[in-house]
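> here you go, sequence then predicted model.
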Amino acid sequence: MTHPFDRTLSLLDAEQTFLGGLLLSTRARGAIAREVRPEHMSVKSHRQIYQAMIDLWDRGQMVGVRAVRDQLAADGTLDEAGGERYLASLTAFDSRMIPARDLALVIYGAFLGRSEVCQKADEAS
């Protein structure tokens, strides 16, 4: 059996799989919500989608494609976040092979790396 990490996991793959898994499973939310924040996402549309999910959870609502679509539409960011088709496409990423916690670590680690690069650039200027 091939281990899921035998191939290189890009940050985009990690973010899409992470979000798709959350759209399909409410169980994944509890363990990772404290670890990943919208600003940790590298892609603006992913930050918007994840923030919509958090807004729904904060109101005690279920997260799914329709609910997130409606939240993004209410926020006026549905088109900017990729639209309904992109949102639905996130559920095609197979999140069963890679635990949500591992995806969260990839996303957060990349965020820390970007933050350090920005800090070094600021110090150099």
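Right, received. Where do you want to start? Residues are numbered from 1 along each chain as shown.
> CA atoms for contacts and neighbours, from now on please.
Fine.
> give me the low-pLDDT residue ranges for the chain?
Applying pLDDT under 70 to the chain flags residues 1-9, 26-31, 33-34, 94-96, 116-125.
> in the host helix or strand of residue 15, what's buried?
Under the criterion of DSSP states H and E, residue 15 resides in helix 11-24. Applying a neighbour-count criterion of 16 or more other Cα atoms under 10 Å, one finds 11, 14, 15, 16, 17, 18, 19, 20, 21, 22, 23, 24 buried in helix 11-24.
> between these, which sits nearest residue 89?
Distance from residue 89 was checked for each of the buried residues of helix 11-24 by Cα to Cα. The minimum falls on residue 20, at 8.0 Å.
> okay, now residue 112: neighbour count?
Summarising burial for residue 112: neighbours were counted as other Cα atoms under 10 Å, giving 12.
> secondary structure element for it?
Taking DSSP H and E as the criterion, residue 112 maps to helix 100-124.
> how far does stretch 49-67 sit from its chain's centre?
12 Å (Cα atoms, centre = their mean, to the nearest Å).
> and the end-to-end length of it?
Here the two ends of stretch 49-67 are set 11 Å apart, with distance taken as Cα to Cα, to the nearest Å.
> now tell me what touches that stretch from outside.
19, 22-24, 26, 37-38, 68, 71-72, 81, 87-88 (Cα atoms under 8 Å, 6 or more residues apart in numbering).
> repeat for stretch 103-120
Everything outside stretch 103-120 that qualifies as a contact, by Cα under 8 Å, 6+ apart, is 11, 14, 15, 17, 18, 32, 35, 36, 40, 41, 42.
> please tabulate those in JSON lines, including the columns distance to residue 105.
Listed next are the contacts of stretch 103-120 as JSON lines, based on distance: Cα to Cα, whole Å:
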{"residue": "11", "distance to residue 105": "11"}
{"residue": "14", "distance to residue 105": "10"}
{"residue": "15", "distance to residue 105": "11"}
{"residue": "17", "distance to residue 105": "13"}
{"residue": "18", "distance to residue 105": "11"}
{"residue": "32", "distance to residue 105": "9"}
{"residue": "35", "distance to residue 105": "8"}
{"residue": "36", "distance to residue 105": "8"}
{"residue": "40", "distance to residue 105": "10"}
{"residue": "41", "distance to residue 105": "12"}
{"residue": "42", "distance to residue 105": "13"}
